[in-house]
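Peer 1: model the following, please.
(one chain, ligands or ions: 1)
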Amino acid sequence: MAANVALLSAPSPSTSTASSILRRRRPPRRSARPRRAASRPSVVAAMSDDPIKEWILTEGKATQITGTSSIGGGCINAAQRYDTDAGSFFVKTNRRIGPAMFEGEALGLKAMYDTKSIRVPLPYKVGSLPTGGSFIIMEFIQFGRSRGDQVTLSRNPFRSKKKSALGRKLAEMHKAAKSDKGYGFYIENTIGSTPQINTWTADWIEFYSKHRLGYQLKLISQRFGDSAIYEKGQRLIDNIHPLFEGAVIEPCLLHGDLWSGNISSDTNGDPVILDPACYYGHNEAEFGMSWCAGFGGDFYSSYFEVMPKQPGFEKRRDLYLLYHYLNHYNLFGSGYRSSAMSIIEDYLRMLKA
Ligand SMILES: Nc1ncnc2c1ncn2[C@@H]1O[C@H](COP(=O)(O)OP(=O)(O)OP(=O)(O)O)[C@@H](O)[C@H]1O
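Peer 2: Residues are numbered from 1 along each chain as shown. Alright, predicted model coming up:
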């Protein structure tokens with residue numbers, strides 16, 4: 001599939017473990033509620049200077065932009081809400097990098113949207129900014145009052161209900177979207193800002209070894225000259241097969257970066273997932289960021305009602321955390337080294353490798 005996101009449909013106006021290691025990778029987000037800038041009157045920009053306004057006022061079917069406001073919370077991009085007479089739009093811009101990152105995000109959002117399972121914003125348009133950089137326009141979702149409900153460990157039954165809904169709908173998405181191309185995705189995307197290689201591969205163990213663990217280990221070795229973790233990690237990869245014995249593995253569509261900052265709920269209380277790093281992979285890999293999500297028992301029991309637990313699930317759990325710990329080492333430095341290294345060493349002991 002081409003990476004061009006012009007294929008995305010236009011909106012209708014109504015569219016509306018290492019469990020002991022609980023370090024969060026990013027600072028907690030501020031409220032998702034938009035900080036409203038002074039509402040501006042109708043803006044009709046010189047079209048060619050502003051492709052965002054141009055799209056909103058043409059394909060977006062608005063005749064008037066009634067206000068714009070900044071939305072906090074993201075680390076990588078600037079986010080804005082555009083209010084119009086055809087509803088609101090959510091827009092992210094990046095002044096430094098071209099549209100490839102947003103094309104990856106848009107294709108991922110669209111693939112998840114098409115499963116009609118869990119709510120995700122429908123992406124509308126990706127493009128370049130005339131002054132350099134890129135943008136993505138998507139459906140604006142009004143979040144419910146407590147954005148963190150799914151992720152706060154609590155005995156409150158209301159919150160439990162929401163966590164169950166998240167588990168069930170995520171499993172429905174995994175069940176609904178299988179790939180006949182194998183493991184990978186149509187486009188390379190990013191995990192944080194690290195490239196994520198998605199070359200289609202017939203075998204999951206090969207894909208995960210080479211394009212997930214192996215790729216991160218190589219980056220660590222290049223960036224930090226850390227040959228100790230590289231060599232032990234490679235030894236784990238060479239001995240990884242027994243961890244998958246008895247498991248039936250299929251290429252399911254994964255969000256790919258499911259942590260609390262990318263999970264919310266809408267005003268009906270239905271779960272919403274955002275900002276993906278999608279690919280087709282083993283469904284269990286979706287829990288690789290669970291150390292930053294606090295899913296809990298209700299979440300997992302609802303999930304497994306739809307996608308039954310496979311033999312060896314517990315044995316593989318840390319293997320899927322490892323990818324994200326290695327990525328955090330690459331992104332944020334050696335503070336994450338010991339978490340990654342202790343997972344690798346535990347496996348080497350367990351596998352007698
Ligand atoms: N479709 C949407 N509708 C309304 N608000 C949204 C939407 N998508 C994201 N947001 C809000 O905007 C904030 C920034 O979005 P997002 O997390 O995607 O930005 P980012 O900079 O790409 O993220 P990150 O730095 O985590 O990779 C989010 O915290 C969320 O509150």
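
Peer 1: can you give me the mean pLDDT across stretch 80-98?
Peer 2: For stretch 80-98, the mean pLDDT works out to 95.

Peer 1: kindly report the residues of the chain close to the ligand.
Peer 2: Applying Cβ under 6 Å from any ligand atom, we find that the chain lies next to the ligand at 29, 32, 71, 73-77, 79, 90, 92, 121, 138-141, 261, 274-275. The way it works is simple: take the backbone N, C-alpha and C, and place the C-beta from them, glycine included.

Peer 1: one more time with 8 Å, if that's ok
Peer 2: 26, 29, 32, 34, 71-79, 81, 90, 92, 105, 121, 138-143, 147, 192, 257, 261-262, 264, 272, 274-275 (Cβ under 8 Å from any ligand atom).

Peer 1: okay, and which of these map to strands?
Peer 2: Applying DSSP state E to those, the entries found in strands are Ile71, Ala78, Ala79, Arg81, Phe90, Lys92, Met138, Glu139, Ser264, Val272.

Peer 1: would you mind listing which of those are buried?
Peer 2: Buried by 16 or more other Cβ atoms under 10 Å: Ile71, Ala79, Arg81, Phe90, Lys92, Met138, Glu139, Ser264, Val272, out of those.

Peer 1: out of these, which comes closest to Tyr325?
Peer 2: The closest of these to Tyr325 turns out to be Ser264 (Cβ to Cβ; 24.6 Å).

Peer 1: thought Pro121 was touching the closest one, still the case?
Peer 2: No: Ser264 is not in contact with Pro121 according to Cβ atoms under 8 Å; the separation is 10.3 Å.

Peer 1: shared neighbours of these two, anything?
Peer 2: Common neighbours of Ser264 and Pro121 are listed as Ile141, Val272, Leu274 (criterion: Cβ atoms under 8 Å, 6 or more residues apart in numbering).

Peer 1: got those as CSV, with pLDDT columns?
Peer 2: Output for those, formatted as CSV (pLDDT from 0 to 100):
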residue, pLDDT
Ile141, 97
Val272, 97
Leu274, 95
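
Peer 1: kindly reformat the residues you listed as a markdown table containing distance to Glu305.
Peer 2: Below are the shared contacts of Ser264 and Pro121 laid out as a markdown table (distance: Cβ to Cβ, whole Å):
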| residue | distance to Glu305 |
| --- | --- |
| Ile141 | 26 |
| Val272 | 21 |
| Leu274 | 25 |
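
Peer 1: give me the pLDDT for the one residue in the stretch 201-350 of the chain that gets nearest to the ligand.
Peer 2: In the stretch 201-350 of the chain, the residue that lies nearest the ligand is Asp275 (3.6 Å; Cβ to the nearest ligand atom). The score at Asp275 is 94. That number is its pLDDT.

Peer 1: for it, give me its contacts.
Peer 2: Contacts for Asp275 (Cβ under 8 Å, 6+ apart) come out as Gly74, Glu105, Asp257, Gly261, Asn262.

Peer 1: apart from its neighbours in sequence, what residue is nearest the closest residue to the ligand within the chain?
Peer 2: Closest residue of the chain to the ligand, Cβ to the nearest ligand atom: Gly74 (2.2 Å). Closest residue to Gly74 apart from its sequence neighbours, by Cβ to Cβ, 6 or more residues apart in numbering: Lys92 at 7.0 Å.

Peer 1: tell me, how many residues neighbour Pro130?
Peer 2: 10 (other Cβ atoms under 10 Å).

Peer 1: spatially central residue for this structure, please.
Peer 2: By Cα atoms, centre = their mean, the chain has its centre lying nearest to Pro276, at 2.4 Å.

Peer 1: excluding sequence neighbours, find me the nearest residue to it.
Peer 2: Pro276 sits nearest to Gly108 (Cβ to Cβ, 6+ apart), 4.2 Å away.

Peer 1: what residues of the helix or strand containing the one you found count as buried?
Peer 2: According to DSSP states H and E, Gly108 maps onto helix 100-114. The neighbour-count check on helix 100-114 (16+ other Cβ under 10 Å) flags 100-113 as buried.

Peer 1: could you do stretch 199-214 as well?
Peer 2: Buried residues in stretch 199-214, counted by 16+ other Cβ under 10 Å: Thr201, Trp204, Ile205, Phe207, Tyr208, Ser209, Lys210, His211, Arg212, Leu213, Gly214.

Peer 1: got the end-to-end distance for it?
Peer 2: Terminal residues of stretch 199-214 are spaced 14 Å apart (Cα to Cα, to the nearest Å).

Peer 1: residues in contact with that stretch?
Peer 2: Residues from elsewhere that reach stretch 199-214 (Cβ under 8 Å, 6+ apart): 181-184, 196-198, 233-234, 236-237, 240-241, 244, 249, 251, 281-282, 285, 322-323, 326.
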